[in-house]
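Novice: the following block contains a protein sequence and its predicted model.
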Amino acid sequence: MKCIRYSTGLAAVLCATTATADVTAQQVWDNWTAQMAVYGQGFTTTGEVASDDALVVEGLSIRMTDDDASVTAAIGTLTLSENRDGTVTVMMPDSYPITIETTPNFGEPTLANITVTQDAMALRVSGEPDAMVYDVTADRYALRLDSLTGGQSINVEVVEAVVAILDLSGTYSVTADTLTRIAYDMAIGAMDIDVEFNEADGNGTFTLNGDMADLNIFAKVAAPPDIDMQADQPPFAEGLAIDAGYTFGPVSYAFVADAPSNSRSGSMSSDGGELAVTVDVDGVSYIAESRDLDVSFAQTDAFPALVDITMAQYGVDVQIPLSQGDGDPRDARLAFNITDLIVSETVWAMFDAGGVLPRTPLTVALGIDAQVTPFFDFLDPAQQEAAMMTDVPGELNSAQITELTIRGAGAEMTGDGAFTFDNSDLETFDGLPRPLGQMSFAINGANALIDNLTEMGLIAGQDAMVPRMMLGMFTTPVGEDMLSATIEVNAEGHLLANGQRLR
């Protein structure tokens, strides 16, 4: 809850909530103060000056604290001006300081001083008092770390540490019914990261540079009006729901760490990707993907001195139901893929200096769709204890292997299949629900791979007979070093391999 509290609390003040088709400056300010009360954080001002069409808030300071850290933003003067079209324009200082203090239970306290700068920032509020919409644009918005002291940073001198976003535009809105509903959609033309640290009592240096283009961030959050931001457990059972993520275009990072005895450097680039997360009382969904990855790492005091890795795609797709729903089976999913992974020869040489294995790209992909029946609402505190005490919190009804690919070193295995499960029969398979269905495999180049591993000495000559015998038992030849296999569980509970009964 700490991350939610900090990010959402500060956003509530800087991008608040409430407006009407004719919103007033006072209504906007009243809404900001109400939002800060909801998030349980504090703010102070040195005065407020109202006129017919404006409200000036002087000496605005926001402070957010918990047991481990505190964040203070000394924003200064805030001017809310009413426009003739019923909107309100909010003007803030071009820069203001933020102080972050940590007081961990273990280790030394740290103090970070940060300066926020914003060029051509424009914030306009429209809508209705109970449904305000914020439109924001900025040529540049940046965070600069001015100093870092205490704890791990005691030997570090900050030369430069800036994160800047360029060409910012987007909307932020808040509405309220039985829940408070927050939505935002932000587009960023580019993000730049420039970091340089020096070792305060030595000759070591560290630099980091990063660039990202076409970043789009979105989120929809529904929360109970009286949400306790200090609670140990998020109140999903009371309606809390989060749907958020981002997409990005080309991105690249590079770092260099120099010291008298050694040097390390690395870089990473990607053509783009995405991340999407949904969490509510019904379940969790997580999807992530990166495309055309290129990673390199070099060091002067270790082997291998240079590592290069490229990958066409990396992805994860997870869907987990966490509630009973209407009692019918619910969809679940687990999928991941590493596609066309290529490593440099220096990595290959660590275990295959003779070049025995073909240097073909590695691909590993698995996709499983399933239908399950949960017996509990796992995010409901009233049911969590019972769920933890039970031996079987739900049922697996069916599963489909939509993708199975393992390819590399000159060999390949692919497969697919589907099974249903009889949860009334827990005896046939020793406590597991009895499956019904089949899985088909195609295996190419397996014998050549065994030969190569034997030549490399990774498999002893006599031991190579074991995998060859297993292949002979469970597969059928269909071509030169090409095999197929069908593993089946029939209605009688018999386990078959290519029609031959094994159990």
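Specialist: Nice, I can see it.
Novice: pLDDT score for the residue lying closest to Met439 once chain neighbours are set aside?
Specialist: In space, Met439 comes closest to Gly417 once its chain neighbours are excluded; the distance is 3.2 Å by C-beta to C-beta, 6 or more residues apart in numbering. Placement of C-beta: from N, CA and C, glycine included. Note for Gly417: predicted pLDDT of 97.
Novice: tally of neighbours for Gly417?
Specialist: Around Gly417 there are 17 other residues, counting by other C-beta atoms under 10 Å.
Novice: what do you get for the one 3 residues further on?
Specialist: The local packing count at Thr420 equals 16, with neighbours defined by other C-beta under 10 Å.
Novice: quick check: buried residues in the strand or helix carrying it?
Specialist: According to DSSP states H and E, Thr420 maps onto strand 411-422. Going by neighbour count (16 or more other C-beta atoms under 10 Å), the buried part of strand 411-422 is Ala411, Glu412, Met413, Gly415, Asp416, Gly417, Phe419, Thr420, Phe421.
Novice: that one: what's the following helix or strand?
Specialist: Scanning onward from strand 411-422 (DSSP H and E), the first element met is strand 434-444.
Novice: any idea which helix or strand comes after that next one?
Specialist: Note on strand 434-444: by DSSP H and E, the next helix or strand toward the C-terminus is helix 446-456.
Novice: what's across from the nearest residue to Thr89 once chain neighbours are set aside in the sheet?
Specialist: Distances taken as C-beta to C-beta, 6+ apart place Ser81 nearest to Thr89, at 4.8 Å, with adjacent residues excluded. Per DSSP bridges, the residues bridged to Ser81 are Ala54, Thr89.
Novice: list the contacts for Ser81?
Specialist: Ala25, Asp53, Ala54, Val88, Thr89, Val90, Met91 (C-beta atoms under 8 Å, 6 or more residues apart in numbering).
Novice: so for the chain, the centremost residue is which one?
Specialist: The residue lying closest to the centre of the chain (C-alpha atoms, centre = their mean) is Leu275, at 6.1 Å.
Novice: host element of that residue?
Specialist: Going by DSSP H and E, Leu275 is in strand 272-280.
Novice: just checking: what are the partner strands of that strand?
Specialist: By DSSP bridges, strand 272-280 pairs with strand 241-248 (antiparallel), strand 283-299 (antiparallel).
Novice: follow-up on the earlier one: quick one: contacts of the strand holding Thr420?
Specialist: 395-407, 433-446, 448-449, 487, 489.
Novice: are any of those residues buried, and which?
Specialist: Counted by 16+ other C-beta under 10 Å, the contacts of strand 411-422 give 396-401, 403-405, 407, 433-437, 439, 441, 443-446, 448-449, 487, 489 as buried.
Novice: wait, what's in contact with the residue nearest to the centre of the chain?
Specialist: By C-beta under 8 Å, 6+ apart, the neighbours of Leu275 are Gly245, Tyr246, Ile287, Ala288, Glu289.
Novice: could you redo the last one with a cut-off of 10 Å?
Specialist: Ile217, Ala244, Gly245, Tyr246, Thr247, Phe248, Tyr286, Ile287, Ala288, Glu289, Ser290, Val316 (C-beta atoms under 10 Å, 6 or more residues apart in numbering).
Novice: buried subset of the contacts of Ser81, written for PyMOL?
Specialist: Buried subset of the contacts of Ser81, written as a PyMOL selection, criterion 16+ other C-beta under 10 Å:
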select buried, resi 25+54+88+89+90
